[in-house]
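1. this one's sequence-less:
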């Protein structure tokens, strides 16, 4: 449902654009577009309503309807984009003369044809809208589909509460740490209510650890309770359970009471008692806000344990009380191996020598998650013949078959709870990760730019899309859906990885939703549904046209080097090629991919290979950071909507870079090879991130750079690469420092001294710099910066400092 909603959210703003005066549509056509807009808005409202139903009420027919609606939305958006591209594209006039040249110059013939085509497309779309609506009505089942399922599914966490302690592996360390955090004491602080939140990914053993500690400690308390909250909490049921436990059965069958009555009775019982309560599987802050009303702080050493998958929720539950967030780590390699062995072999039996290699590979995929290890071990234990061949078959199935084996069903249900809890805007962002290979470090900035190009980041009033994309990334980290890597200043991650078990779930869901087609060492096969996204991962991956229709593909992530002719992909928005040029493709074919928003190219190629790139008028990101190229073509100056330009060092940029006034990211600008571009930075007023290379010596570069920097009112991050002894301390009357600059990083760079104007950057929070001379007043300057949190300040070994430097008042 949410993927269809996301497709509609991307489509609806296009209608408003199409109705603007810019496209001068005929009155009749405008009326038809308003009709389409109204129809799609109503469909979105219907989707929103169905999405809010309990899972058991959403029938397979509803899911098929949502899938049809998603495809319809994509096709309408593609049709609108094609019209806009045809109208906006410059005409080729080389072979035209006289009156025909004049007609084409003003775009009359082209625009008449385009508007005629859009009218035909509208007629076809109206027919499809009726078909989708009629089909749903024709097969709608009135009695049954909407009836709740009378059976109650077992809570997938239930086995963790009754696991034999003797079979638990690697739990003693975490349990001991948690016990110490909850320890009773005589101090005033120890008497207060103490809350510990255990946080970690689904299947890590949070419930098991919490229950073990609860069973060990509960005799030290006069009142005890253990309740599970779940994704869709029934507060009356939760309060009724707590009341029944803390009253020792005095109050039973109270689910009909209101919240206030429950809370008052529980507080009355706990007011003068030392209690311990476990709140298991907490999903959101609003649930905790209600539950904490019963957790009275009575200064009797009471203790509360919370388990959650969401670090934001964990932090919220700890505050403002004397709380602690306890991050549960995966099992060590040794403990993982022991748990695996214990579940398959008899007590005194070791893993057979011929199974050692495949066992290690299986355990690597499990990543120390006990649920994954136990689930896979249970599968292997059921195989009569413990042969290497059989075990490798299971290992290979782990990469693509989470939904295919009954033994894996419980693990899938537990992981699916995390996916189901995601807000609608995060679900397509998460599924998008399935295009990357296993164990791949996915750069955050690259991922966010892909999300934006796909239309997954909703534009909000007053918000920057890249900031919103960063917040989406952080939310996925906080919800334990992705693992942060390459963590830098402020704990921010530059990249992420996806746990193999989570990746299996994502791949399975992507296949069910026809969201991504993945080829890994095999042919991409024809599909009943249209292919929208392609991930070509294996060296033997291939597409064999015309058997496979790729005219609707929006995104290609290719590391196979065997992509078919790009001219076949007329709707392409995102293109990432590890090697360019590639087989079957003339480099100049890039120029016909006029719908591209995101282009990332690797490999070694020549400037002329990008000659036609100026035709890509919708391009937002051009990422050549992994490419080898000596000089950028002048045609990039035609990319008026370009927001991110990323190249490696030592690449010459053409004069006129200041014409790219939409740029928000420019990295890296080599001022040695492109000296004239330094003065043009003053025009790039939307720039938020700038990487600059080669500000050498004491020449005029520093002065020109500062003159431009003063005008970059939106700059947030400034990076110096290989800058040596450059002075950037010149300022003129009226010069203003960039007010919103937050981070200055010098990578392999040395400034002659710490610039005085640093003192006026009130939002500077991170500074990493190397200087030749360091003085006492430099510390006074830095100490006055109100929000500086990260400081890395070095003096080169051949530099100097004043004889004695004092830091602080003492």
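-> Happy to help now that I have it. Model, not experiment: these values are computed from the prediction. Numbers count the residues shown, from 1 in each chain.

2. For stretch 371-391, which outside residues touch it?
-> 202-205, 331, 336, 339-340, 343-344, 352, 354-355, 358-359, 362-363, 365-366, 394, 398, 405, 407-408, 410-411, 414, 500-501 (CB atoms under 8 Å, 6 or more residues apart in numbering). C-betas here are computed from N, CA, C, even on glycine.

3. Produce a PyMOL select command limited to the buried residues of the residues you listed.
-> Entered in PyMOL, the line below selects the buried ones among these, by 16 or more other CB atoms under 10 Å:
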select buried, resi 202+203+204+205+331+336+339+340+343+344+355+358+359+362+363+365+366+394+398+405+408+410+411+414+500+501
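
4. Just the contacts of stretch 371-391: which are in helices?
-> Judged by DSSP state H, those include 336, 339-340, 343-344, 358-359, 362-363, 365-366, 394, 410-411, 414, 500-501 as members of helices.

5. helices or strands up against the host helix or strand of residue 179?
-> Under the criterion of DSSP states H and E, residue 179 resides in helix 172-181. Applying 3 or more CB pairs under 8 Å, 6 or more residues apart in numbering; DSSP states H and E, we find helix 172-181 packed against strand 194-199, helix 206-217, strand 322-327.

6. Of the ones you listed, which is nearest residue 278?
-> helix 206-217 (5.1 Å; CB to CB).

7. okay, the helices and strands packed on helix 172-181, which one's buried deepest?
-> strand 194-199 (a mean of 25; mean count of other CB atoms under 10 Å).

8. before we move on, back to that, what residues of the helix holding residue 179 count as buried?
-> Quick answer for helix 172-181 (16+ other CB under 10 Å): 174, 175, 178, 181.

9. got it, and stretch 755-768?
-> Buried residues in stretch 755-768 (16+ other CB under 10 Å): 755, 757, 758, 759, 760, 761, 764, 765, 766, 767, 768.

10. ok, of those residues, which one's closest to residue 648?
-> When the buried residues of stretch 755-768 are compared against residue 648 (criterion: CB to CB), the nearest one is residue 768, at 21.1 Å.

11. Can you pull the phi and psi angles for the nearest residue to the closest one once chain neighbours are set aside?
-> Among residues not flanking residue 768 along the chain, residue 792 sits closest, at 4.0 Å (CB to CB, 6 or more residues apart in numbering). Dihedral pair for residue 792: phi -130, psi 100, per degrees, to the nearest 10.

12. Repeat that for residue 599.
-> phi -130, psi 120.

13. Surely it touches residue 622?
-> Yes: the pair residue 599 / residue 622 is scored as a contact, 5.5 Å apart, by CB atoms under 8 Å.

14. what's the overlap in contacts for these two?
-> Counting by CB under 8 Å, 6+ apart, the contacts common to residue 599 and residue 622 are residue 613.

15. And residue 297, how far from residue 275?
-> 11 Å (CB to CB, to the nearest Å).

16. neighbour-wise, which of the two wins?
-> residue 275 (26 against 13; other CB atoms under 10 Å).

17. residues touching that one, list them.
-> By CB under 8 Å, 6+ apart, residue 275 lies in contact with 221, 222, 223, 224, 225, 246, 300, 302, 303.

18. who's in contact with the helix or strand containing residue 451?
-> Element membership for residue 451 (DSSP H and E) is helix 444-454. Helix 444-454 is contacted from outside by 10, 428-429, 432-433, 457, 465-466, 469-470, 472-473, 493-496, 554-555, 573-574, 576, 597-598, 600, 620-621, 623, 644, 665, using CB under 8 Å, 6+ apart.

19. let's go with 7 Å and repeat that
-> Residues outside helix 444-454 that contact it (CB atoms under 7 Å, 6 or more residues apart in numbering) are 429, 432, 457, 465-466, 469-470, 472-473, 493-496, 555, 573-574, 597-598, 620-621, 644.

20. same thing with stretch 416-425?
-> So stretch 416-425 is contacted by 2, 5-6, 202, 231, 283, 309, 430, 458, 479-481, 505, 509 (CB under 7 Å, 6+ apart).

21. now, the most widely separated pair of the residues you listed?
-> Across the contacts of stretch 416-425 (CB to CB), the longest gap, 26.7 Å, separates 202 and 458.

22. Tally up the residues packed near residue 311, please.
-> 18.

23. Quickly note the distance from it to residue 478.
-> Distance from residue 311 to residue 478, by CB to CB: 5 Å.

24. what's the answer for residue 398, then?
-> Applying CB to CB to residue 398 and residue 478 gives a distance of 27 Å.

25. Look up how far residue 657 lies from residue 198.
-> Distance from residue 198 to residue 657, by CB to CB: 52 Å.

26. Quick check, pLDDT for the residue nearest to residue 798 when sequence neighbours are not counted.
-> Using CB to CB, 6+ apart and skipping the chain neighbours, the partner closest in space to residue 798 is residue 772 (7.9 Å). Model confidence at residue 772, given as pLDDT, is 85.

27. In a strand, residue 772, correct?
-> Yes: membership of residue 772 in a strand is supported by DSSP: H, G, I helix; E, B strand; the rest coil.

28. all strands for the stretch 551-700 of the chain, in order.
-> 555-558, 574-577, 598-601, 603-604, 621-624, 627-628, 644-647, 665-670, 689-693 (DSSP state E, counting those that start in this stretch).

29. next helix or strand past the last one?
-> Okay, so that is strand 689-693. Past strand 689-693, the next helix or strand by DSSP H and E is helix 701-709.

30. Pass me the low-pLDDT residue ranges in the stretch 301-450 of the chain, would you?
-> Applying pLDDT under 70 to the stretch 301-450 of the chain flags the ranges 320-322, 399-410.

31. try 80 this time
-> 319-322, 378-379, 382, 384-385, 396-415, 417 (pLDDT under 80).

32. Spatially central residue in this protein, please.
-> residue 473 (3.7 Å; CA atoms, centre = their mean).
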